[in-house]
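S.K.: Sequence below, structure please.
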Amino acid sequence: MKSLPKKRDSRAHLRFAAQLVSILFLFSLSGLAESKNPIDDDLNDSSLIADLGFRPDVDGFSFSNYAGEKGYEGLTPEDLRRMVGEDVCASQPKGNCILTPTWTYWLEMANSMSDGGHCQGMAVLSLLLYEKLIDIQDFGADRTVDLRVAGNGVLQKEIAYWFCHQLLEPTASSGTKDKPSLILDELVESFQDDNKTKKYTIAIYKRDGSDGHAVTPFAVRDAGDGIYEILVYDNNYPKEARAIVVDRGNESWTYESASNPNDPSSLYEGDADSLTLELDPIYAQLVPQNCSSLTQDVCQIWAEGETDLLIVDGKGRRLGFVNGKLINEIPGSQVIDPIIDDENRTSPIFIIPLLEDFRILLQNTNPEEDAMVNLTILAPEYIIYAEEVTLGPGQTDVMVISPPQSLLGDPTTNSFEYYPGGQESPTLTMGTLDNDTYYIFAVAAHDLQEGMMLGTSALMNDDIFGFVYSNTTKDFTFDLGLARTNESGQQVFGHEGVEIKPDCVALLQYVNWTGNSQSMPMIIKCGDDIETVDLKDISDELPK
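M.R.: Numbering: from 1, shown residues only. Predicted structure coming up:
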């Protein structure tokens, strides 16, 4: 690739002057210095060395990036079917997609992540509309700037649709992080390429990888003496042209913005070593997407809440955070860092091969306050979900996944053990597939104590869901639930207030359950004593 030429015989004071002019220009565009907004003059002068033709005041949205408090529509099962294909649906009665358990929890995760802002969706969609790869009239206007998002559910869902691509393959792995000069060269080349799909959005990050934010680049300006400006549409600032300032000589870049539209702006910057400037191609988003954990023998793990995850395999190799630092010692593992505001408190997505037993540590990163955490584990045909885990200051909970065959598709059993590090009342959920029928089992525990163990198993050959707790002498009360999804639709069983003694095994027999409002037998085995209890269906919702 041909690089942009550097000017010869430059002097230090000229370099300083050029940098000062560029910084003042950037500040003026971000509202940090008073200035008129000379968009027409600035965007049509001879210093532009590459120009896509996109203009923020015409081709950008007139509304700002928005977070979850707006209550706008997010990704739907039908949108997910459009994105991935028919396999996301467990059944399609009357053409409506009822998602499999795994995709149900994935959809909830994706919509939760967008609560921190929809910058990625807006950056991608504005570019697709400009390139006429999507018909703008489907959303109610002839120009992007004339579109209104309030009351426009079709546009809201479309923005969410393109936001969520970053969480799936091949989009998740398609980004390029490189030193600033190479990013600049690739952008210039793409602007000059007639191929409409060979265009990029830009993701920027802080040096520690936090506060990801997406913008739409549309031109490159030569500011002189090795300083270049990547002109961008930043959806936090409607109708404005803004600039990422790149110093080719120092291999550095700076930009002022915020990852969340509700937050004050701050300085983003990087260099050849930080790799915090990323090009994300739109061509990877124009093909069917897939979730590797649902199509391969890998496991996808993430958490919501103020926690650092650490995954340890059977050989003691680690993936996740140790003392706040991300480490990766597990061969074949992958980390996906979504372009979202860190205040959304969602961890990176960790993908590991399912080759050995492993355990997951949930570590409270707040030394002074409790943290409410949800943990999700997705495998090809299974899901494990721990909801409303309350971690005290400095507390660590542990989940053990064993044996490995349970998550690799062995239909005999699927099991895990949970070890709380303090008093809490989590809900543990397991989803699995049995002969084209999807089951979700849930058990809500009340006031678990540090040192206890709560184990759950799905014995698919025997049509039994079981659980047991130990390391205590206290009797505990649990709420139970089961959901069944097949071609006939979805049915839910719920029962509250099941009392179990420690070290007793509770086995819920669902083989003859006929559906909603029907009772279900449960066997309670305490040593040699066996008791059968007929549980009434008193709730059409799974326990929370």
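
S.K.: Now that Lys206 has come up, it's in contact with Ser274, right?
M.R.: No - contact status for Lys206 versus Ser274: not in contact, 9.1 Å apart, counting by Cβ atoms under 8 Å. Using the backbone N, CA and C atoms, a C-beta is placed for each residue, glycine as well.

S.K.: Need the phi and psi values for Pro101.
M.R.: phi -60, psi -40 (degrees, to the nearest 10).

S.K.: try the one 4 residues further on
M.R.: Dihedral pair for Tyr105: phi -70, psi -30, per degrees, to the nearest 10.

S.K.: Report the separation between it and Thr429.
M.R.: 8 Å (Cβ to Cβ, to the nearest Å).

S.K.: More neighbours: the two, which one.
M.R.: Comparing Tyr105 with Thr429 by neighbour count (other Cβ atoms under 10 Å), the higher total belongs to Thr429, at 24 against 21.

S.K.: Confirm for me that that one is in contact with Ile440.
M.R.: Yes - in terms of Cβ under 8 Å, Thr429 counts as a neighbour of Ile440; the distance is 6.2 Å.

S.K.: quick one: common contacting residues for those two?
M.R.: Common neighbours of Thr429 and Ile440, counting by Cβ atoms under 8 Å, 6 or more residues apart in numbering, are 383, 542.

S.K.: ok, now which ones touch His118?
M.R.: Here His118 is in contact with 65-67, 159-160, 163, 235 (criterion: Cβ under 8 Å, 6+ apart).

S.K.: just the helices in the stretch 101-250 of the chain please.
M.R.: For the stretch 101-250 of the chain, applying DSSP state H, counting those that start in this stretch gives helices covering 101-113, 119-130, 153-164, 180-191.

S.K.: of the ones you listed, which approaches Thr456 most closely?
M.R.: helix 101-113 (14.8 Å; Cβ to Cβ).

S.K.: Does Lys179 touch Gly270 like I think?
M.R.: No - contact criterion Cβ under 8 Å: Lys179 and Gly270 do not qualify, at 9.1 Å.

S.K.: Of these two, give the one with the bigger neighbour count.
M.R.: Gly270 (21 against 18).

S.K.: quick one: what helix or strand has that one in it?
M.R.: Using DSSP states H and E, Gly270 sits in strand 266-271.

S.K.: Quick one: low-confidence residue ranges for the stretch 251-400 of the chain.
M.R.: Across the stretch 251-400 of the chain, the ranges flagged by pLDDT under 70 are 260-261, 292-296, 341-344, 355-356.

S.K.: would you list every one of the strands in it?
M.R.: 252-257, 266-271, 277-281, 298-304, 307-313, 318-322, 325-328, 334-336, 349-353, 358-364, 371-378, 382-391, 396-401 (DSSP state E, counting those that start in this stretch).

S.K.: Pull the residues that contact stretch 494-509.
M.R.: In contact with stretch 494-509 (Cβ under 8 Å, 6+ apart) are residues 441, 459, 463-482, 520-526, 533, 535-543.

S.K.: Ok, stretch 77-92 next?
M.R.: By Cβ under 8 Å, 6+ apart, the surrounding residues in contact with stretch 77-92 are 96-101, 103, 107, 157, 160-161, 164-165, 168, 288-291, 438, 485-489.

S.K.: at 6 Å what do you get?
M.R.: Residues lying outside stretch 77-92 but in contact with it, judged by Cβ atoms under 6 Å, 6 or more residues apart in numbering, are 97-100, 103, 107, 157, 161, 288-289, 438, 485, 487.

S.K.: what about that stretch, average pLDDT?
M.R.: What stretch 77-92 shows for mean pLDDT is 92.

S.K.: So what's the gap between it and the chain middle?
M.R.: Remark: stretch 77-92 is offset 18 Å from the chain centroid, using Cα atoms, centre = their mean, to the nearest Å.

S.K.: mind exporting that stretch as CSV, just the C-alpha atoms?
M.R.: These are the backbone C-alpha positions of stretch 77-92, laid out as CSV (Å, rounded to 0.1, in the frame of the first residue of the first chain):
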residue,chain,number,x,y,z
PRO,A,77,-36.5,-12.4,17.5
GLU,A,78,-37.4,-11.6,13.9
ASP,A,79,-34.4,-9.3,13.6
LEU,A,80,-32.2,-12.0,14.9
ARG,A,81,-33.6,-14.5,12.4
ARG,A,82,-32.8,-12.0,9.7
MET,A,83,-29.3,-11.6,11.0
VAL,A,84,-28.4,-15.2,11.6
GLY,A,85,-31.0,-17.5,10.0
GLU,A,86,-33.8,-19.9,10.8
ASP,A,87,-31.7,-21.9,13.3
VAL,A,88,-32.2,-19.2,16.0
CYS,A,89,-35.9,-20.3,16.2
ALA,A,90,-37.0,-23.3,18.3
SER,A,91,-40.3,-23.1,16.5
GLN,A,92,-42.2,-20.7,14.2
